[in-house]
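1. What follows is a predicted protein model with its sequence.
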Amino acid sequence: MKKLLNTLYLTRPDCYLRKERETVVVMQGDDKLGQFPMLALQNILCFGQVGVSPAFMSACVEVGIALSFHTEFGKFQAQVVGMPKGNVLLRRTQYRWADDEEKALSISRLMIAAKVANCRAVLMREQRNHGAQVALADAAKSMAIVLEDIRRARSTEQLMGLEGEAASLYFGVFSSLLRIPDFEFSGRFRRPPTDPVNALLSFAYVLLASECSSALAGVGLDPYVGFLHRDRPGRKSLALDLMEELRAALADRFVLTLVNRGQVKANDFHQEATGAVRLKDDARKLFLTAYQERKRESLKHPFLDESIELGLLPHVQALLLARHLRGDMEYYPPFAIR
């Protein structure tokens, strides 16, 4: 099993990364902020104005560190990519399957069914832990009906419509999962996020999408060619496909924990003139630290039937998808919360 390595998040403005022997050195002006062994890193995410040396970018490619650049608010901008890994025959199979409506649907249907089942599991878990709520029970019942329709979907368009219906039911009662009065949620708003909960969800999804992309590239798949999300220049469609089944487990539950435990406060956000709500710098660092700690927690994978760290879920699912495309497995087993 692959070992979970560390992720380095750079959020300070005007930082600069350089290579010193086999380590990453983080500089800010003439001050050295930190030094980390490259072999212990899997991802480096740079937010805002972060510079890197050409030698450092080359070193990242050589040792397999995924180096990506984002705006200070988390929007993806660019990634340093080396030579593709894996067998070219695997990517050719991926492209053929993406162009085959029936084959693409066979995978998409499983991923979306897992997404809806996992979102429903979040609602059911709340009821088990904190008592029955009519709104949650009704939403979970309706999502179970949508789940059956998803399993019978015969086109990508029908599948996406059902996924949207399930998402509307889920986020329609998401506010019932929040137990801190200062946090309100009236629906999912992404561009831009207009309240603290949406800001937290969007930031968590940015991190998850980056990890899914790295995991897919690591097993030899092309993150840009998906089965449900169709081709669009600059969009990592397969990474978006893969993260659908992982949203509830790795992002939604994490955000709920941060809010309900009081780890983030209502005053940890600021509102821009555009109406967008963003995390303040200190709160963003707290978020990233807690996210890294969360990734080190373990669970028993329902298909592998062995304990793995949460942070390895994208890699495990990418590997299972690659095996299915190669013909080593009859079906792709999506991740489902137990």
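-> Arrived safely, thanks for sending. Since the structure is predicted, the reported quantities are computational estimates derived from the model, not experimental observations. Residues are numbered from 1 along each chain as shown.
2. Give me the local confidence score for the residue nearest in space to the middle of the chain.
-> The structure's the chain has its C-alpha centroid closest to Leu208; by C-alpha atoms, centre = their mean the separation is 1.8 Å. Leu208 is assigned 92 on the pLDDT scale.
3. Tell me the spacing between it and Arg21.
-> Using C-beta to C-beta, to the nearest Å, one obtains 32 Å as the distance from Leu208 to Arg21. Any C-beta I mention is one placed from the backbone N, CA and C, and that applies to glycine too.
4. now swap in Gly34 and tell me
-> Counting by C-beta to C-beta, the separation of Gly34 from Arg21 is 15 Å.
5. and the two? which has more neighbours close in?
-> Using other C-beta atoms under 10 Å as the criterion, Gly34 and Arg21 rank with Gly34 on top: 13 against 8.
6. And the more buried one, its phi and psi?
-> phi -180, psi 160 (degrees, to the nearest 10).
7. My guess is it contacts Gln28. True?
-> No: at 9.9 Å, Gly34 and Gln28 do not qualify as touching, with contact defined as C-beta atoms under 8 Å.
8. The lowest-mean-pLDDT helix or strand in the chain: how far from the chain's middle?
-> Taking mean pLDDT, DSSP states H and E as the measure, the chain has strand 76-80 as its least confident helix or strand, at a mean of 72. Relative to the mean C-alpha coordinate of its chain, strand 76-80 is positioned 16 Å out (C-alpha atoms, centre = their mean, to the nearest Å).
9. Now do it: which elements does it pack against?
-> Using 3 or more C-beta pairs under 8 Å, 6 or more residues apart in numbering; DSSP states H and E as the contact definition, the elements that strand 76-80 packs against are helix 54-63, strand 66-70, helix 196-218.
10. want to try CSV for the ones you listed, with distance to Val277 as columns?
-> Converted to CSV, these look like this (distance: least, C-beta to C-beta, whole Å):
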stretch, distance to Val277
helix 54-63, 33
strand 66-70, 17
helix 196-218, 5
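11. worst average pLDDT in these?
-> When mean pLDDT is averaged over each of the helices and strands packed on strand 76-80, strand 66-70 scores lowest at a mean of 78.
12. what's next to stretch 296-310, contact-wise?
-> By C-beta atoms under 8 Å, 6 or more residues apart in numbering, the surrounding residues in contact with stretch 296-310 are 1, 4, 249-250, 294-295, 311, 313, 316, 320, 333, 335-336, 338.
13. again, 6 Å this time
-> The list of residues contacting stretch 296-310 from outside it, by C-beta atoms under 6 Å, 6 or more residues apart in numbering, reads Leu4, Lys295, Pro333, Ala336, Arg338.
14. One more: stretch 225-238?
-> Tyr95, Ala98, Ala104, Ile107, Ser108, Ser213, Leu216, Pro223, Tyr224, Leu240, Asp241.
15. distance between the ends of that stretch?
-> With C-alpha to C-alpha, to the nearest Å as the measure, the ends of stretch 225-238 fall 5 Å from one another.
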